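> Provided below are the primary sequence and the corresponding predicted coordinates.
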Amino acid sequence: MSWTHRDEEGRGRRRKKKEKGRIGKKKRKRGRKKKGKKGKKRKKRKKGKKRKERKKGKKGKKRKKGKKRKKGKRKNVEECQNLVVVEEEEVVEEEEEEVVEEEEEEVVEEEEEEEVEEEEEEEEEVEEVEEEEEVQPSGQRTKMSRAADRLKHLIGHLDRPSVDIRTSPAASLASTLPLNFRYSLDNSLLTPEQRRFYEENGFLLIKNLVSHEDIDRFRQEFERICRREVDVPGLVVMRDVAIAKSEFVSDQRAVSKLQDFQEDPELFRFCALPQVLEYVECFTGPNIMAMHTMLINKPPDAGKKTSRHPMHQDLHYFPFRPAHRIVCAWTAMETVNRQNGCLVVLPGTHTGTLKEHDYPEWEGGVNKMYHGVRDFDPAHPRVHLEMQKGDTVFFHPLLIHGSGMNQTKGFRKAISCHYAAAECYYIDVKGTTQENIEKEVKELAHKRYNLDHISFQDTWAFRGRLVKGDRISL
Ligand SMILES: CCCCCCCCCCCCCCCCC(=O)SCCNC(=O)CCNC(=O)[C@H](O)C(C)(C)COP(=O)(O)OP(=O)(O)OC[C@H]1O[C@@H](n2cnc3c(N)ncnc32)[C@H](O)[C@@H]1OP(=O)(O)O
Ligand SMILES: O=C(O)CCC(=O)C(=O)O
């Protein structure tokens, strides 16, 4: 079963296939684009009355939509199944259902879902509704079928102009984005399907994105660091809690994670790889900061399950916003699977809020700063992201995720970077659920660097590096 959206190598082939099916859609799209601005304005005036009438009828319509809304939700899970491995039995049944679904039915579902969204967002999207009606050159509506009309509207959504990320006031970033494309920006890289997948699930897996040659170089550099052949300023070396107090071994067996390798030119190359950045840009926009870097060397579990990473949301660690302009790129440096503790994600949780985090009550102890979400729905479908060397997953900082125990004898390696739009802004976490991590980070800064008055925000400003465009507010 395939669980990725795209294999880089297979990209061209699949695109061609899709293109074929989209010819009709494209024609309609072109028709709309040809409309001039004057025509649009004339239409706007005429449509004012229509809008009022629509709003009048909206309340009654909304009540009827309850059933359809449910259907839309189910579809999110189904789409996810098409692209990822889902173990839950229930979900497998749903997947089988989907296999027998006709293409036609899918289109109708899309239309229905779109209709629900359309109504929910009608207030903000008046402009777009107008644009849809302007497709007719004569000013009169053609006899286009209702279904085709809706499909055209959907295409209109996929074809939105870029969302403009401004430097200030930062708060406007969150409020001005259309709800249905809240988590990604207009771009020419993601297919509508990929974009929709990220919007609905909060992650996107791209196969074979980073070359084996690059990964081998990162591995060699990691080994050199472990052998202490290179000294990297600012680097934080973590040992698993199970071995932290044991005798020092000066090789990779003693290191479970490297953090903050921004001053290591070889490892930091990962953060600036063009093929990674082009995906990152779909979420952050063109001004990109690499805020946090890690090379994770998940050790074989010493029998106390300390190699697990509790379920968490990365945003818990970040005093900057907005969340939807932050993204993590996590690349497998070898095969990662359930045996050696692959990533586990709860699809769709990125649409929720930041939850309270604290140390999990694990018998075998837990690594420093490894906070877990206090409560999440244990029945939420889980997706195990099994990946091959070079595969890269991009995920949202509110997505609840973690990783399992490494039950093998090998060290499971991955390299990652958290990126943020340089336009993001720092927030004060006082009085929020992030106060506990703020306290720990400040203590660590004091202990390591003797920095007494450094703020939580400054620990990030100090470590962040620009990788593309201009450094703005971060
Ligand atoms: C300019 C200021 C810079 C400040 C640096 C801030 C770092 C902030 C990290 C933020 C992470 C953001 C991540 C976002 C992405 C999502 C995630 O990855 S979630 C997980 C995030 N957390 C971490 O990655 C932290 C992991 N922990 C570590 O890296 C290390 O534990 C450590 C915090 C670096 C340990 O540092 P330090 O206190 O300097 O360690 P030691 O001096 O070696 O040991 C002190 C003490 O603690 C014991 N110990 C050592 N390692 C561990 C461990 N892994 N778990 C538990 N305890 C550990 C050690 O035995 C010593 O104990 P003692 O009793 O004092 O002898
Ligand atoms: O690599 C892992 O095991 C977990 C990484 C993770 O959860 C993270 O980067 O936030």
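The structure has been received and is ready for your questions. Numbering: from 1, shown residues only. Ligands and ions are numbered 1, 2, ... in the order given.
> gap between the two ends of stretch 196-214?
Using Cα to Cα, to the nearest Å, the span of stretch 196-214 from its first residue to its last is 30 Å.
> Flag every buried residue along it.
By 16 or more other Cβ atoms under 10 Å, the buried positions in stretch 196-214 come out as 196-210, 214. (Each C-beta comes from the backbone N, C-alpha and C, glycine too.)
> Please report how far the closest residue to Y317 other than its chain neighbours lies from ligand 2.
Closest residue in space to Y317, ignoring its immediate chain neighbours: I437 at 5.7 Å, by Cβ to Cβ, 6 or more residues apart in numbering. I437 is 13 Å from ligand 2, where distance means Cβ to the nearest ligand atom, to the nearest Å.
> now swap in Y279 and tell me
Relative to ligand 2, Y279 is positioned 16 Å away (Cβ to the nearest ligand atom).
> for F462, same thing?
Taken as Cβ to the nearest ligand atom, the span from F462 to ligand 2 is 20 Å.
> for this protein, where's the lowest mean pLDDT among helices and strands?
helix 126-133 (a mean of 27; mean pLDDT, DSSP states H and E).
> helix, strand or coil for E438?
Three-state call for E438 (DSSP: H, G, I helix; E, B strand; the rest coil): helix.
> oh, I was asking about Y198
What three-state DSSP gives for Y198 is helix.
> Apart from its chain neighbours, what residue comes closest to it?
Closest residue to Y198 apart from its sequence neighbours, by Cβ to Cβ, 6+ apart: L204 at 4.5 Å.
> what pairs with the closest residue to ligand 2 within the chain across the strands?
Closest to ligand 2 within the chain is S403: 3.2 Å, counting by Cβ to the nearest ligand atom. Note on S403: beta-bridge partners by DSSP bridges are H309, L343.
> which ones are touching it?
Contacts for S403 were tallied using Cβ atoms under 8 Å, 6 or more residues apart in numbering; they are 298, 308-309, 341-344.
> Of those, which one scores lowest on pLDDT?
Across the set of these, R308 stands lowest in pLDDT, at 89.
> what's the spacing between the nearest residue to that one once chain neighbours are set aside and V345?
Of all residues beyond its chain neighbours, the one nearest R308 is M405 (5.0 Å), with distances taken as Cβ to Cβ, 6+ apart. Look at M405 and V345: by Cβ to Cβ, to the nearest Å, they are 17 Å apart.
> Quick check: neighbours of the helix or strand encompassing the residue nearest to Y198 in the sheet, parallel or antiparallel?
According to DSSP states H and E, L204 maps onto strand 203-207. Take DSSP bridges as the rule and strand 203-207 pairs in its sheet with strand 6-7 (parallel), strand 392-395 (antiparallel).
> Which of those strands comes out lowest on mean pLDDT?
The minimum mean pLDDT among the strands paired with strand 203-207 belongs to strand 6-7 (a mean of 40).
> quick one: E278 is in a helix?
Yes: counting by three-state DSSP, E278 is part of a helix.
> residues contacting the closest residue to it other than its chain neighbours?
Sequence neighbours aside, L189 is the residue nearest to E278 in space, at 5.7 Å (criterion: Cβ to Cβ, 6+ apart). Contact analysis of L189 by Cβ under 8 Å, 6+ apart lists 278-279, 281-282.
> which pair in the buried residues of stretch 196-214 spans the largest distance?
Farthest apart among these by Cβ to Cβ are E200 and D214. That separation is 30.7 Å.
> is it true that F395 touches L346?
No: at 10.9 Å, F395 does not count as touching L346 under the criterion of Cβ atoms under 8 Å.
> Could you check how far E263 is from P233?
Per Cβ to Cβ, E263 is found 5 Å from P233.
> who's more crowded, these two?
Ranked by neighbour count (other Cβ atoms under 10 Å), E263 and P233 place E263 first, with 15 against 8.
> List the residues that contact the more buried one.
Contacts for E263 (Cβ under 8 Å, 6+ apart) come out as 232-235.
> Show me which of the residues you listed are buried.
Among the contacts of E263, those buried by neighbour count (16+ other Cβ under 10 Å) are 232, 235.
> for the contacts of E263, which one is nearest L185?
G234 (30.8 Å).
> okay but that closest one is in contact with Q262, surely?
Yes: here G234 lies in contact with Q262, judged by Cβ under 8 Å, at a distance of 6.8 Å.
> Quickly list what's touching both of these two.
Joint contacts of G234 and Q262 (Cβ under 8 Å, 6+ apart) are R463.
> Which positions in the chain make contact with ligand 1?
Contact residues (Cβ under 6 Å from any ligand atom) of the chain with ligand 1: 236, 238-241, 244-245, 257, 259, 292, 312, 314, 317, 367-370, 441, 444-445, 447-449, 459, 462.
> Please flag which of these sit within strands.
236, 238, 257, 259, 292, 312 (DSSP state E).
> Quick check: of these, which has the highest neighbour count?
H292 leads these on contacts (other Cβ under 10 Å) with 22 neighbours.
> tally of neighbours for the residue nearest to G469 when sequence neighbours are not counted?
Nearest residue to G469 in three dimensions, chain neighbours excluded: N287, at 3.4 Å (Cβ to Cβ, 6+ apart). Counted by other Cβ under 10 Å, the residues lying close to N287 total 23.
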